[in-house]
Structure formats: structure tokens, C-alpha cells
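J.: Requesting a structural model of the entry that follows:
(2 chains)
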Amino acid sequence: MPYVVKRPERDIWEQSYIPETVRGMGVTLRHFFRNVIGRRDTVTILYPEVQRPYPPRFRGLHRLTQRDDGSPRCTACMCCQTACPAECIHIVAGSYPDGHPLAFVEKYPAEFWIDELRCVFCGLCVEACPCDAIRMDTGLHARPVEARPHLMYERNLLLSITDAKGDVLTANPRKK
Amino acid sequence: MPKLTIDGREIEVEAGVTLIEAARRMGIKTPHFCWHPELSVAANCRMCLVEIEKNPKLQPACQIPAAEGMVVHTENPRVREARRAIMEYLLLNHPVDCPICDQSGECKLQDYYMLYDLKSSRLASEEDKVRKRKHVPFGPHVVYDAERCVMCTRCVRFCAEYVKDPMLCEVHRGDHSEIDVSPDRTLEHGYSLMTAHICPVGALTSRDFRFQCRVWFLKAAETICPGCATGCSACLDHNRGRAFRLRPRVNNAVNRCWLCDDGVLSYRFHNDHRLCSPSLGRGNPQPASWEDALSEAAAALGKTPKAERAAVLSAERTCEENWALIVFAREALGIERFFLAARPDGTADQRLRSADKNPNRAGVRLMLGAEPEPMTALLEAATAGRIRAVIALGAEASAAGVEPSTGLLRLGTVVSIAERTGTLPDAAHVRLPCGSWAQSAGTFVNAKGMAQEFGRAMPLGDGLLDVHEILARLARRLDLSFPYKTAAEVRTAVAGRLPEAGAAGGAP
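T.: Numbering: from 1, shown residues only, chains lettered A, B, ... in the order given. Next up, the predicted model:
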């Protein structure tokens, strides 16, 4: 159905944009003088000297949680490896030998690699883990490195990383 | 012939056929744990209960023979409720340790839970569960977990009925019942891995496969077991270039649905001691490029007089590969003497295992049209200096009573085409790596004379070439004619010399 489009009717004074320019400059100058002379409430910060606190659910670099005795909670079930869309997790399972105090657990990760360069920080590995063994609550970014292998994190390094409060245990302890 | 109705469809079956079998013929999968088509009926898991009209109680489909006029319902609400209740019982004391269970991913408890149960346990506390023995080694190949066991007794019946050695039995009663090995016995009868294979849950698992790979990562490919001359049909499970296990594939003419322990473990022929790149030099092999290795091989073979050349065929390799070598040796190199390299004989029994541990000895005879000479003859000829240059296929070469390396080391030139290290490649001057049996397509002729074709189960790895390709490149370097360019051409040439595929031909 055709209809006539109403064109905006502006007079020459509006069309010149002068009053709007002056009003915009006024806002800018108001903020300028308020922050230079009066109270300072700039929204920008001097990163990285100044850092904002991250929300508690920020997904940072991974860590592997430990049991009370320091052994990895991970049982190498490969659920995280299966869930990972970036295919950045590689696990080799090992078996606790007979007589070992943890022989009842049977399985542990002999090797656990995460390629933090491939990782897309989606958090699906944390969702998939049935043992709460992998968490992303470290609050850490992938740091700049000189060579790619430096961001290939292996088992013992992952086990040693703490959460934001400095704890190596899980924040969500469940039955043994 | 009784005619009955299952889920609204009519079917006519022979007298004595059970309902579960009749339903299977119609494409209806009745859930079951204890029933196995090759074993006797136990009817103890109660998972296959179906409703038969005019029958007050649900009946186990695995046990009730089809009768004239029966009307059977396999999926109505009453049946589903019964199955849900059975699953609740079976899972009541189950440890739910799927993360560390190798069966996870191919476990019937998981499958049927998703299909019929989907409820959380009504047990008040984890501590109320009955605790039983875990990871008990039953034998060199099998480990038992009593908590995961559903007492279907498939393993018990397998040992009693197929192996005829009833060493497994049920002990204790009720919640506490479990499977045990007879006193002073270990589960070790050559077919022990089949108990783990038929276990519908994670109670019996393979010690060899334990924790190696989650099953959902595995890709399956149909193949023929390379372990002995029986030529059992099998599926090869592999992931990222590594083989993990063989599983039996139903072939009623050969292995029905079984495989021996050696057969299950013969995936190792693909993994172990592989040659990954061409190498030169005897004793201290140095990696070389294909260009250099082929030139070196061609030069060494070319400079030896025709009468002093010989070829070694391999009972480990397919008919196609042996045929390509025979044609290359006869037409290009003018070789008239052919020898046979083979693995040494092993144990045999009345079921599946042959004493001849080579998958294709009969096929090599068919290809050559005559009996190849044994390795001992080659060693004698080499020691006497009548043969100086040999082109050899395959890795292993055992000759009874003779240490092969001493005689082989007298040869001026040994060109070895093999997939892994062994007697022949170790004595060779030039090693040309080819694909393993899993990486090649071809035909094995078993001890009964049945030709069984199989496809490439896994891709040919980097740095490897097919045997016909290696021979064609060698021929090009020697400026000699070799008629085959593709595997299909070799296949066509071989087809006429083989007995009808799958059918038992006359033993050659």
C-alpha cells in the first residue's frame, strides 16, 4: 500500500546545526571542568596499573583441584576432553598400583595437557566434570609468552594453580 | 510353523523360535542382559519381559517359544513399567562409577537407564549400598568388579558351554551374590577376553584395554583378524592412528561371534615395532628419503645377475601384495625362485585357534600356483652363495631349527618391504615401510580355503606406501615394466585366481 513519506520540516536555524553543536560542546565542557576542577569521577582507569575486580564467575585459566591428601581429584574420565569444542585437552589415564593408598580410586591422570592457546574459555569442561576436578576460578588471564609451548599447561602446573583466594582444594567439596 | 502377532504385525517362524528371536527378525530390539544368541537361556535378568495376551503375568521373551495365535506386546505401558522397576533393582547397589568404568559408553545399564528409567535412586544414603569386591584380577587378561555385576551369568555360561571349562560360578545369595573363579583356578583358557566382550556391563573388563581409551572416541572398521590361519571376522577399534582392540564380527561360516584372546590382542600387529620411514644400512639403519632408498634398492637389485636373485613372499601379507611382488619379481627382475616367510607355529585347539599363526599361507600358495620354498632353503642357498640378492615382503621369517639372521647376513643385498621390524627388515640393507594389515585392503585365504576380502581399516600413515606402489616405483627406477598402477588393477588380476569370496573353496 503506497503512502506519502512525511519529510521532516526543519527551518534554516535548525538546519545550520549551530545550536546543537553548542549544546554538545556544553556537555563536554561540563564534564571537563567537573573532572579537572571539581570531583573526579572519570570512568576510564589506567589499566594495567589499575585493575577492576572481576565478577566471581569470571572464567580464567584452568586449574586442577586436589584432594585433601594432595592427589588430583581428576579420575581421567575424559568427560572434559569429550566436551571441549576446541579440542585443547589431552589426557592419558594411569592406574594406581595395588597397595597404593588410593588404589580404590583405580584411575588417575598420568598426563593432563591443556593448550591454553587453543582454549576458547567456554567453560564446558567445568560443566562436564563429574568430580569437580577442573575449575576456571583462578581469575587469571592467559599471560603473554615468548613461545607457544609455554602455554601448554601440564598436569603438575595445573594442580599447583590456586583459585582467586589461594586455595588448591575445590570450593565445592562433596562426598569422598 | 506358528504364526503370531508382535506389536500388531504378524510373523511366521519355525517351531521352537523364542519370542525375542522372532521380534529380532522383525527389527524389534527387546532389551536384555542375560540372553545371548549363542548361549543357553538363563532368563534371570527379567529385562525382556513382554506382555502376552490372555496371560496373567509378564513373560520373559528370551524363554517363551513362539506359539500359534500368540499376541505379544513388547512396548506397552505395563511392560515399560516392569522394565523401569527392573532397572531400579539393578541400579540399587550399583556404584555409578561410570567415570572410571571402561564399559561406559557401551554399557547396557546406561542405555536402558536412558530408555526406561531416568529416575534418581530412592536409596536413602550412599552408605546403604552393598559394598563388594572391586578390580579383582580373574586372570591375565580380565579384571572383575563385583559391584557393577548384574549377575546375568553370561560369562559363566560362556565358559561352561563354549570353552567347556566351567571355571566361573556364582557365589553368595541375593544382594551379595557375585561371580567367582573356582578355587585354585585363573580365568585363562585362551578365550577369556570373550567373557569381557559379552559382559553387558562393566563387571568384566579387559586388562589390556583398561583405561587406554574411552570407547566413544573409537572408530570401528571391519577387518579380518591377522592372528592365525582361521581368519576370523572382526572389527578393529582405532583412534588417531592407533589401534586399541579387535572385537568379533558375526560370521557364521568361520567364527560365529567369537574371537580368541590372541585374536583380540592381534591389533598389536598394527601398533608395535613399526617402521615409519625408509632406512638404509644393515645393523645401524639410517633414515633416508624415499628417493634415496628406492634408488639404492634398485641399484643393488639391478647389479646382481638374474640367476642370483630371489624373492621372499609373506604369509602375513594379503594375496594382492604377494601377487604384486610375484609379478614384479618374475616380469621385471626375472626371478624364478620364491621362498615363504612366515611366523612360527603356535598353539591350536578345536575351536578357533589354528597352529599356523599366519593369516594367508594358503593365499600365497594360490598366488604362486605352486608351493613356495621354505626359508631354510633360502638360508642354505645364501650360505652356499647361489643367491646374492633378495627382495622380501613381510617382517617375520622363522625357519625351524635355523637362526635366520646368520644365513640372511650372507646375502649381499636384502631389500625388505615390511610394516614393522622383524627378522627380514633387521637383516636388510634397504627397508621400505608399507602399511600394516589394518592400513591395507586385500584378501586373506584362510586354512579352510575361504577367500575373505577386507577393506582399509585405517588410513595409510605419513611416510608409508602401498606395496604395489613401492614395486611400481622400483620398476620405474630399474627401467623395467610393471603392469599395475592402482590397487584396483592388482585386485582385478588376483580375483580370477581366488576361490569364490566367502565360500569355502577346495584347499590348495
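J.: what about residue 133, how many neighbours?
T.: Just so you know, I chose chain A. One way to gauge burial is a neighbour count; for residue A:133, by other C-beta atoms under 10 Å in any protein chain shown, it gives 27. For every residue, glycine as well, the C-beta is placed using N, CA and C.
J.: oops, chain B please
T.: Neighbourhood size, residue B:133 [other C-beta under 10 Å]: 12.
J.: Return the residues in contact with the residue nearest to it when sequence neighbours are not counted.
T.: Closest residue to residue B:133 in three dimensions, ignoring its sequence neighbours and counting by C-beta to C-beta, 6 or more residues apart in numbering or on different chains: residue B:146, at 4.6 Å. Taking C-beta atoms under 8 Å, 6 or more residues apart in numbering or on different chains as the contact definition, residue B:146 lies against B:132, B:133, B:134, B:136, B:178, B:179, B:203.
J.: Report the contact partners of the residue of the stretch 151-300 of chain B found nearest chain A.
T.: For the stretch 151-300 of chain B, the residue closest to chain A is residue B:211, as judged by C-beta to the nearest C-beta, at 4.0 Å. Going by C-beta under 8 Å, 6+ apart, residue B:211 touches A:76, A:93, A:94, A:95, A:107, B:100, B:102.
J.: Relative to residue B:135, how far out is it?
T.: Residue B:211 sits 11 Å away from residue B:135, taking C-beta to C-beta, to the nearest Å as the criterion.
J.: before we move on, back to that, give me the distance between the residue nearest to residue B:133 and residue B:115.
T.: The spacing between residue B:146 and residue B:115, counted by C-beta to C-beta, is 25 Å.
J.: how many neighbours does residue A:92 have?
T.: Each residue near residue A:92 was counted by other C-beta under 10 Å, and the total is 14.
J.: Quick check, pLDDT for the residue in the stretch 1-150 of chain B that chain A sits nearest to.
T.: With C-beta to the nearest C-beta as the measure, residue B:99 is the residue of the stretch 1-150 of chain B nearest to chain A, at 3.2 Å. pLDDT recorded at residue B:99 is 92.
J.: Ok, residue B:412 next?
T.: Value listed for residue B:412 in the pLDDT field: 88.
J.: Residue B:400 too?
T.: With respect to pLDDT, residue B:400 scores 53.
J.: Which residues are in contact with the residue of the stretch 1-150 of chain B closest to chain A?
T.: Taking C-beta under 8 Å, 6+ apart as the definition, contacts of residue B:99 comprise A:75, A:77, A:79, A:107, A:130, A:131.
J.: Quick check, the fourth one in contact with residue A:73.
T.: I take that to be residue A:107. No - between residue A:107 and residue A:73 no contact is recorded; they are 11.8 Å apart, counting by C-beta atoms under 8 Å.
J.: how far away is residue B:74 from residue B:115?
T.: Computed with C-beta to C-beta, the distance linking residue B:74 and residue B:115 is 13 Å.
J.: hang on, I meant residue A:46
T.: For residue A:46, the distance to residue B:115 (C-beta to C-beta) stands at 60 Å.
J.: Those two: which is more packed in?
T.: Legend: neighbour count by other C-beta under 10 Å for residue A:46 and residue B:115, higher for residue B:115 (15 against 8).
J.: Return the residues in contact with that one.
T.: With contacts taken as C-beta under 8 Å, 6+ apart, residue B:115 has the following neighbours: residue B:31.
J.: could you redo the last one with a cut-off of 7 Å?
T.: Residue B:115 makes contact with no residue under the criterion C-beta atoms under 7 Å, 6 or more residues apart in numbering or on different chains.
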